[in-house]
Structures are given as C-alpha cells and as structure tokens.
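*Asks:* sequence and predicted model, in that order:
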Amino acid sequence: MIPALGHFAIALALALAVAQAVIGLFGPMLRDRLVLRAAPALAISQFLMLAAAFAALVWAGVVSDFTVRNVAEFSSSTTPLFYRVTGTWGNHDGSMLLWCLILSLCGATVGVFGNNIPSSLRSRVLGVLGLVSGGFLLFTIMVSDPFRRIWPPPLHGAGVNPILQDPGLAVHPPILYVGYVGFSIAFAFAVAALIEGRVDAAWGRWVRPWTLVSWVFLTCGICFGSLWSYYTLGWGGFWFWDPVENVALLPWLTGTALIHSAIVVEKREALKTWTVLLAIVTFSLSLCGTFLVRSGLLNSVHAFAASPNQGLFILTLLAITIGGSLLLFAVRAPVLSATGMFAPVSREGALILNNVFLCIIAAVVFTGTMYPPFVDLAFGMQLSVGAPFYDQAVLPLTAPLILAMAVGPMLPWKRGAIGPALAKLWYGAVAALIVFGFLMFKGHFIAALGLAGATWVIIGAFIDLAERVRLFRVPFGQSLSRLTTIPRAAVGAVMGHLGFGIVVLGIAGMTLRVHTVTVLHPGQSVDLGGFNWKLESIVPATGPNYAARLATIKVTRHGKLVMMLHPERRFFTAEKVKTVAAAIQTNGVRDMFATFAGEDNTGGGEFRFNVHPFAPEIWLGGFIMALGGAISLSDRRFRVGAPARAKARKPAGSATV
Amino acid sequence: MMSRKQRRLWLVIACGIGVSSATALMLVAFRSSLSFFLSPNEVLVKHPSPGMVFRLGGVVQADTVVMGTRDNKPYTTFRITDGQASIPVVYTGILPGLFRQGQGVVTIGAMTKGDREFVADTVLAKHGASYMPADVEQALRKAGKWNPKFGPAPNAATWDDKSPRTIEADNNG
C-alpha cells in the first residue's frame, strides 16, 4: 500500500514539474501577478510530493517490504536498521529518487527564500528547474522506478553490499548530491538571464550565495568520499583518479572557478558572458557526473549495475539539457555586454588567471576520463588511463595556480603592480624556500615542491588576513576589533585559501608515506617508520550481522608504548562477503594505519602497516575550505539589503523574450 | 587602463600558453600511462612483450588459488580464465577483500619472458552492486562464455578449460 502511494507521489510530482516548467517559463509573458506567484507554489508542492515518495521508500526499507524489488535486492532481514535506511540510496533507483528530491528541494528553496528576486526572473528560474526536474522524473518513473514490485517476494533480501554498510555511506551520497544538484540553481539563473538578456551586478549577487552553498556541499561530499575510501578500502589511498571521483572533481573545479568569477560580476560587472557559460558548464558536468557513471559508459570501481536501455534514455536527456542550454548561450550571449574595464595585473586579472587554470585542469581531467570510452566506441579497444597520467598532467598545472593564489588577494581591483604585492609576501617566500631546501636536502623532490607550495599558500592566507586588519601597523587591540568588522566574505576567502593550502600540505605529506606488507605470528614484530609493530594476539569477535577476527597490534617506539591498534577482518554471514576494517589512529599530523588482510593455516596473519605523515590534513583542509565558504555565505550583504537592480536601465521584462 | 583589444590580446596569450602547456603535458603523460586491457585469450593471441604493463582480467579459476609466504611477505598464485584460455598469475601482497574464486578480477602487471606467467603488482576486485567488472564482462561476452542478459555468470569450476597447466603449484601455504 505505502509503496503504491510512493509511486503515485512520483507521478504527481512529475505533473507538477511539467506545470512548473510551462507556467514558470511562459508565465512572465502574461504580465499577470497571480501567474508569477504560481511557480513558487508549484515548486514547493513538487518538493512535498517527492519528500512523501522518498519517505515511502525509506519506510519500505525499514519494515523490510520485500515485494519492493529495490528493498529485496539491497536489504535483508538481518541488516541493521541504520543500513536499511541508508540502503535506500545505496543503489541506482533509490539514489535517482534522492537526486530528484534534492533538485525539487532547490526549487522549493528558491520559491521560499527568493522573495528579493524580481518575480519574472524568479518565475523563469523555477521554470528552468521544473523542466530539468520533469525530464529526470520522467526517467525515474519510466525506466528506473524505485517502487517496482516483485511477486512472489523473497523470504530474505539479498542484503546490502557489506562495504557499503558504513556510516560514511549515510552522509557521503546525500551531501555530494546536494553539491551536484545545487549547481542547478546557478544553471537556472544563467538560462533565465539568457532568456531575459540581462546580467548585472545584482544578478551576480543572487547567483553567488546559491553557488557557494552547493560548492560547500560538494567540497564536503568529496572530502567524505575520500575519507570513506581511505578507511574502508584498507590500503590507505585517498584518491584513485577513478572515473567516479573525476566526475565529482570536474564540477568542483569549474564551480570553484564560478564562485571566483561571480565576484567579478558582482563587484565590477565584467566577465558576465564567461560567468554565465561557467554556470552552464558546471551544472552540465554535475549531470555528467551523476549519470555517465550510471549509463555504463564509464566503468569504475563504484559502478552501479548499469543497464543499456537506461543509458540511452539518460544520454538523450543529457544531450537535450546540455545541448539546449549551450545553444541558447550561443544565440543569446552577444546580448550581454561587458562594462567593467581592467588591466591584466589587477584583482580581476588574477581571478581570470584562476579561472583559466581551473578550467584547463578540468579539461585535462575530462580528457583523461573520457578517452577510454571514446577509444572503446571508436576503435573497439579497451584501455585505461591510470593515475600516473593525472599525476603527470595535472600536478604541474596546479603550480601556477598555487603561485598566483597568494598574490591575487594582494592586488587591488582595476589595476595593480606585482612589486608591492610580492613585497608583502616576502615572509611566505622565505619560509617556502626554507621548506623546499630542507626537503631537497633530504632527497624528496616531489614532497619538497608540494610542501613549499603549501607553506606559500598558508602563509599567504595569513598575510592577507594581517593586511586586512592592518596588523602591526595600528595598535594590536585595534587590529583585533578590525577582525570582527571586516566583511565575513573576506574571512571566508582567507579560510578558503588556507584550507586549500592545508589540503596541499596533506597531499604532499602523503608522498612521504611508508608501508610494509608482512606475515606475523603472535609475538612477532616488524619495524616501520621508526616504530616497532608487534602482533599480540588474534581473537574471534562478533558484530551485529558479522563474525570477525580481531588482531591486537602493540606499537612501541624505543621500547615505550605508543598505541594499541585493533584491525579486524569481518565475515558478513548473510551476504557471504569478507571485508577488512582498518585500524587508524591519528595524532593530528600523522596517521598510523594497520590492516589485517588474512590468516594462513599456521596461525600467522597477513598485515599491512602504513605511516602517513600529514594525512589528516587532507580532510581537515577540505573541511576548512567548506567552512570558509559557509562563513562567506553568512556575509552581511547576502543577508540584509535586498539587492536592487540599477534603475537607470530600461526595466527587464518580457519585452526582450 | 588598456583598451578592450589589448585586454583581449592578453587573455588570448594567457589562455594559449595554458592550453598548449596542458596539451603538451597530456601527450607526454598519455605515452607513459595508457594501459590496455587484455583477456587471457588475447594474451595468447597477441603475445604482449615481456615487461609491457597491461591489465589482465577475467574470472579467478576455481581450485587454482595457492597462498603462501615468501620472505615474510604473503604471495598468491592463481589462474585467470575467460573460458577459452587461462593465464597463471603471481601476486605478492595483500589481496582485496572481495577477491574470491569464480569472481571477476582485474590485475595490472606484465608477462614474464616466454608467456610463462603474469606478474601482477595490483589486483582489483570491484566493489559494485554487481561483482563483475565491466571489462571482464565484455571479455567473457566476446569469448561466448557468458552474456549478462541470461542471468549471473556460471560457476568458474564448471568452465571448460583446455589449456595445459604450466606451473606447478607448491602447496606449502
């Protein structure tokens, strides 16, 4: 009964989405106040319908209703409650519903919080969102119905893949999806602006907070995903350049470019066309990110089971959405004229440099990701592009980005000079050179480059903050009081750069990691990274739905106890799958990582021990970046003072359609 | 302040330098890091030269997995089959948790001299909702052994494998 209601709710949501698209896009032509108010109401009701559908699916999972195929295949009667809930979005059809739910949530937020947007623009924005939502709801209901029933129902479900039974799964996909789908708002604003033929500072100010929200979520989502693979896959990798990771990185790169170029639109009314294009490209890449993987075109470690008929439908939808918006851009872009002028060496110039390099990096990652399916389609050869490709092609391109990152914020708007900006940064340069020299002396070239870059960016961020509060140039107390009065957006920017520097620190530190793989019997030990790792015992243990073998490792340094590690091997009885649970202990700047991989019949255990310098900084930096975005979002100018459009120009309206 | 034309020139130059350096980097990186996927049968047909790194994928043949210890490091030998041919694989290190007999697997490594065995430095067992890697699925379909349309893969133990055994497994593990 409940699943049938859920199915019906999706159908209703589809009808509402179509109405939202038609009324939203064509309503402004009628110049009727009532019609302009219809789109927000439709968006909110569409969200309520999808929320009901999603609740129905979760309910089916919670009560283990095995007549629903989705539940029968991805849950079982022994699965703990928590994973019966998270299992809802751990598979293709359920995650599709989650995706649509978040898209409708975006529409509903614009409907609820978008009172300061001119009603015709808001109506068009919601119309575009309704159109996208309609397409994907049609897909959900036609080929990817999460409520498909099976009869007779199986007695026990097949169970969740044990590797997905992890708290990480609960947070990673929904957060990542909010990030992906959130860019739909920037996309809808861009398309609506193209229809209206008008982009100005006020437009930049409306788009930026929405973009920031999704950027914050995408950053967190990528961090959680990376953290999850770090502790789940059992060998301490945090980034594999796997297609699924790459397609999440692509919108992050262009989204980062977008939040920077939107600043230029807002402050200087320049780069308008480019920003609109970036908004379209970012959401297009998000769509590709979600769907190319499911269409089976890209094959990856994370791949959902793909079926070819779904692939064709998805590819058609993608082609219509992306092709249509790019076509609209090509036709309408010349209408948007640039006004702000600036010299190449200026804040604007630095932001353009940032955009150019971020987009080039995105293009390189895109090429590497799409080359194998292209070759497969064109020449029938199966090949793969490995991590070395990305290491060799992407890392050198980040060098100019890192160099310019500290200099950019020192430059004034309109026109500046490199000399004074560099003069402010001299401590940073000296510190970076010292770090570089020290590590080169130790013979770690890559780590030397990376850690020097990290030092430069981190110190650059602090110098930026110090400049803003005029540290040491005015009395210290006055500097402190300035700290509370400078715009939050400036604090956010400093934190964003600081966070990025810390991520670079973590990644560069990981190049210094050491590991060993060894077989130990209880009582035996091995030396690694200045520590002595001794196997104390291996004992059986039990979990809620698995049996485990628990090893105890005593780590000592010069005979003194440092820590005890308890890596586990788990055997999931219902699914008949073994997994390893790594033991990780961190002191904030170094991780000790142990995995227990297997046992031989003589009582010995196979272990992998790793020492990861600076590993926690990878995620710490990522979360600092996201926090920076959130602080920037709380800036006064986004909260109060509804941005008003310049009155001087002719009023925007349906006349330009 | 510069004119619009000058500004555009600067932009074009900056983009040009960026794009050309990126292209150069990509071409260099492509040369060293593209790896082909071959099924066991293709290995016998194409004879990849010893030392050339490629991805060998197929199903872990049942009853061929031998584990042991060498210099205190775990090592494993097994055979990968696509139902037409099978190739012995030697791997030193820890196998992924999802590595099982009769399951799809992809290994990265190179052949030793004379096509004797494949020395893998990485073994990937995929963690998707289905356990069959896409490359392997395609290889099996090409070999005519299995089409995913007609249900799950057959048990590897029942597969008709006529290739001779080339290594003696030492059962000390």
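*Replies:* The structure has been received and is ready for your questions.
*Asks:* what does the stretch 401-550 of chain A put close to chain B?
*Replies:* Residues of the stretch 401-550 of chain A lying close to chain B (CB under 8 Å from any CB of the partner chain) are A:414-415, A:517-519, A:526. C-beta: built from backbone N, CA, C; applies to glycine.
*Asks:* 7 Å instead?
*Replies:* A:415, A:517-519 (CB under 7 Å from any CB of the partner chain).
*Asks:* setting aside sequence neighbours, what's the nearest residue to B:V65?
*Replies:* B:F78 (4.4 Å; CB to CB, 6 or more residues apart in numbering or on different chains).
*Asks:* what is the neighbour count of residue 47?
*Replies:* Chain wasn't specified; assuming chain A. 25 (other CB atoms under 10 Å in any protein chain shown).
*Asks:* please refer instead to chain B.
*Replies:* Residues lying near B:H47 (other CB under 10 Å) number 11.
*Asks:* quick check on it: phi, psi?
*Replies:* Here is the backbone geometry of B:H47 (degrees, to the nearest 10): phi 50, psi 70.
*Asks:* once you drop chain neighbours, what's closest to it?
*Replies:* The shortest distance from B:H47 to any non-neighbouring residue, by CB to CB, 6+ apart, is to B:D115 (6.3 Å).
*Asks:* same check on A:A38?
*Replies:* Excluding its sequence neighbours, the residue lying closest to A:A38 (CB to CB, 6+ apart) is A:I23, at 5.0 Å.
*Asks:* could you grab the helix/strand/coil label for that neighbour?
*Replies:* What DSSP: H, G, I helix; E, B strand; the rest coil gives for A:I23 is helix.
*Asks:* give me the pLDDT for it.
*Replies:* A:I23 is assigned a pLDDT of 94 by the prediction.
*Asks:* OK, now which residue of the stretch 501-650 of chain A is nearest to chain B?
*Replies:* A:A597 (3.9 Å; CB to the nearest CB).
*Asks:* doesn't that residue lie inside a strand?
*Replies:* Yes - assessed by three-state DSSP, A:A597 belongs to a strand.
*Asks:* next, count neighbours for it.
*Replies:* A:A597: 23 neighbours (other CB under 10 Å).
*Asks:* wait, the residue nearest to B:H47 touches B:K46, no?
*Replies:* No - in this structure B:D115 lies outside contact range of B:K46 using CB atoms under 7 Å: 10.3 Å.
*Asks:* and these two? which has more neighbours close in?
*Replies:* Comparing B:D115 with B:K46 by other CB under 10 Å, the one with more neighbours is B:D115, at 15 against 11.
*Asks:* residues contacting the residue of the stretch 501-650 of chain A closest to chain B?
*Replies:* By CB atoms under 7 Å, 6 or more residues apart in numbering or on different chains, the residues touching A:A597 are A:580, A:606-608, B:94.
*Asks:* anything in the longest helix along chain B near chain A?
*Replies:* In chain B, assigned by DSSP state H, the helix with the most residues is helix B:4-33. Yes - contact of helix B:4-33 with chain A (CB under 7 Å from any CB) involves B:7, B:10-11, B:14-15, B:18-19, B:22, B:25-26, B:28-30, B:32-33.
*Asks:* pLDDT of that helix, averaged?
*Replies:* In this model, helix B:4-33 has a mean pLDDT of 83.
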